[in-house]
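A.B. asks: build the 3D model from these lines:
(chains A, B, C and D)
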There are 2 protein chains.
Amino acid sequence: MTDEVGRDPEAVSKFVESFAAQLVEAGMQRMPARIFAALLSSDEGAMTSAELGEQLQISPAAVSGGVRYLAQQHMVSREREPGSRRERYRVHSNQWYEALTNREAVIKRWEGALREGVSSLGAGTPAGRRMAETLAFFEFVDGEIAAMMERWRLHREELFGA
Amino acid sequence: MTDEVGRDPEAVSKFVESFAAQLVEAGMQRMPARIFAALLSSDEGAMTSAELGEQLQISPAAVSGGVRYLAQQHMVSREREPGSRRERYRVHSNQWYEALTNREAVIKRWEGALREGVSSLGAGTPAGRRMAETLAFFEFVDGEIAAMMERWRLHREELFGA
DNA sequence: CGCTTCTTTCAGAAATTTGTGAAGATGAGG
DNA sequence: CCTCATCTTCACAAATTTCTGAAAGAAGCG
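C.D. replies: Predicted coordinates:
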């Protein structure tokens, strides 16, 4: 087997860019999206800063900024190769889409804003009622998502084994 | 009752801006967010272009652009007062958060990109397997969300009556 | 028809965001 | 300690986005 490269870098790059484009369209910033897509399509599920910089043709500063964002969103984690200042950034295959549904903080803030709206506009007014209903929706979804993720874990074991 | 105004414009405005800010943080553009928040907190659930312009202090052009975006996302609908060129933009209290969960098109595109990734990187490779799993997750969520919305409708009737 | 009232489109000014290079930190290893 | 390899921060240039005023389009109504 002369297949030592193992993968066609061009095919990888093509996928990375096209998946990143979807993420961008869904609202993610460009650099985080590209970095994330690159990690997702790496065999290890992890890359160093230098590797990312090379594949994506971006500066160390851009890697740093993008990774910081992804880490804040809990979409990647950072690892340190022991005895080296070099970091590697890893996407835990499960972890990340859990983060996707973990709008936890976002939902909580929306709920807060809506509660304030209900009371400041008046619970008896039409606008107040509309907002109370919206609030109820968020509260409902909040609970449902947790249950859904639990079902996913079961489903996942079924499909791929524990 | 000298309460003819009915609502404190300042309180309304304060809520509108704060709710819009949450939407912006969640990735919506500023103008659409403000317009949407204004509609949501109006008693009628509908406003004319002129009313929106006045409350938000923006030009007709900005209203036009924002509304177009919201309509594309199915978050508001346009109505025509019969016998007038004046439009009013309405948020149907139910409709809009159904639109929120209706990432339908978005999810489909992600699934497409992932499928392409699985085949172009190789279903047998580690990266390919990771993407196959991610794909399975999206397919799962897709189905779950429909079921969840159905439960919401029931729950909603329970809370607020049909 | 043509006037009037609204809405949309468009080009450009202003504000914001993004990515870079360069300088500064941080820590491993001699 | 000093050096080397890395990562991070920062100021700025470039690209992009956002909003506006002005002009053009559309539709009711006399």
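
A.B. asks: now the strands for chain A?
C.D. replies: Using DSSP state E, the strands assigned to chain A run over residues A:46-48, A:77-80, A:87-90.

A.B. asks: ok, the residue of chain A positioned farthest from its centre - contacts?
C.D. replies: Computed with CA atoms, centre = their mean, the maximum C-alpha offset from the centroid of chain A is found at residue A:124, amounting to 39.4 Å. By CB atoms under 8 Å, 6 or more residues apart in numbering or on different chains, the contact list for residue A:124 is empty. All C-beta spots, glycine's among them, are computed from the backbone N, C-alpha and C.

A.B. asks: tell me the confidence at it?
C.D. replies: Confidence at residue A:124, expressed as pLDDT, is 94.

A.B. asks: check residue A:43 too.
C.D. replies: You'll see residue A:43 listed with a pLDDT of 94.

A.B. asks: again with the one 4 residues further on
C.D. replies: According to the per-residue confidence, residue A:47 scores 96 in pLDDT.

A.B. asks: please report how far the residue farthest from the centre of chain A lies from residue A:134.
C.D. replies: 16 Å (CB to CB, to the nearest Å).

A.B. asks: tell me if stretch A:58-71 is near DNA strand C.
C.D. replies: Yes: applying CB under 7 Å from any atom of the strand, one finds stretch A:58-71 touching DNA strand C at A:58, A:59, A:60, A:61, A:62, A:65, A:66.

A.B. asks: among the residues you listed, name the buried ones.
C.D. replies: A:58, A:62, A:65, A:66 (16 or more other CB atoms under 10 Å in any protein chain shown).

A.B. asks: how about the first one: what's its closest non-neighbour residue?
C.D. replies: So the one you mean is residue A:58. Closest residue in space to residue A:58, ignoring its immediate chain neighbours: residue A:31 at 6.9 Å, by CB to CB, 6 or more residues apart in numbering or on different chains.

A.B. asks: one more: the last one?
C.D. replies: For residue A:66, the nearest residue in space outside its immediate sequence neighbours is residue A:31; the separation is 3.9 Å by CB to CB, 6+ apart.

A.B. asks: can you pull the contacts of that neighbour?
C.D. replies: By CB under 8 Å, 6+ apart, the contact set of residue A:31 is A:58, A:62, A:65, A:66, A:69.

A.B. asks: so how far is the helix or strand bottoming out on mean pLDDT in chain A from its chain's centroid?
C.D. replies: In chain A, no helix or strand scores lower on mean pLDDT, DSSP states H and E than helix A:93-101, which sits at a mean of 76. From the chain centre to the centre of helix A:93-101 is a distance of 6 Å (CA atoms, centre = their mean, to the nearest Å).

A.B. asks: what residues does chain A have near DNA strand D?
C.D. replies: A:48-50, A:60-61, A:63-65, A:67-68, A:84-87.

A.B. asks: which of these are buried? Put it as a PyMOL command.
C.D. replies: Selecting the buried subset of the residues of chain A next to DNA strand D in PyMOL, with 16+ other CB under 10 Å as the burial test, is done by:
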select buried, chain A and resi 48+49+63+65+67+87
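
A.B. asks: which of the residues of chain A next to DNA strand D fall in helices?
C.D. replies: Counting by DSSP state H, the part of the residues of chain A next to DNA strand D found in helices is A:49, A:50, A:60, A:61, A:63, A:64, A:65, A:67, A:68.

A.B. asks: need the contact list for the third one.
C.D. replies: In this structure, residue A:60 makes contact with A:49, A:53, judged by CB under 8 Å, 6+ apart.

A.B. asks: try it again at 10 Å.
C.D. replies: A:49, A:50, A:52, A:53 (CB atoms under 10 Å, 6 or more residues apart in numbering or on different chains).

A.B. asks: and chain A, what are its domains?
C.D. replies: Annotated domains of chain A cover A:9-92, A:103-160 [automatic domain parsing].

A.B. asks: please tell me how far the residue nearest in space to the middle of chain A sits from DNA strand D.
C.D. replies: The centre of chain A sits closest to residue A:75, judged by CA atoms, centre = their mean, with a distance of 4.3 Å. Residue A:75 sits 15 Å away from DNA strand D, taking CB to the nearest atom of the strand, to the nearest Å as the criterion.
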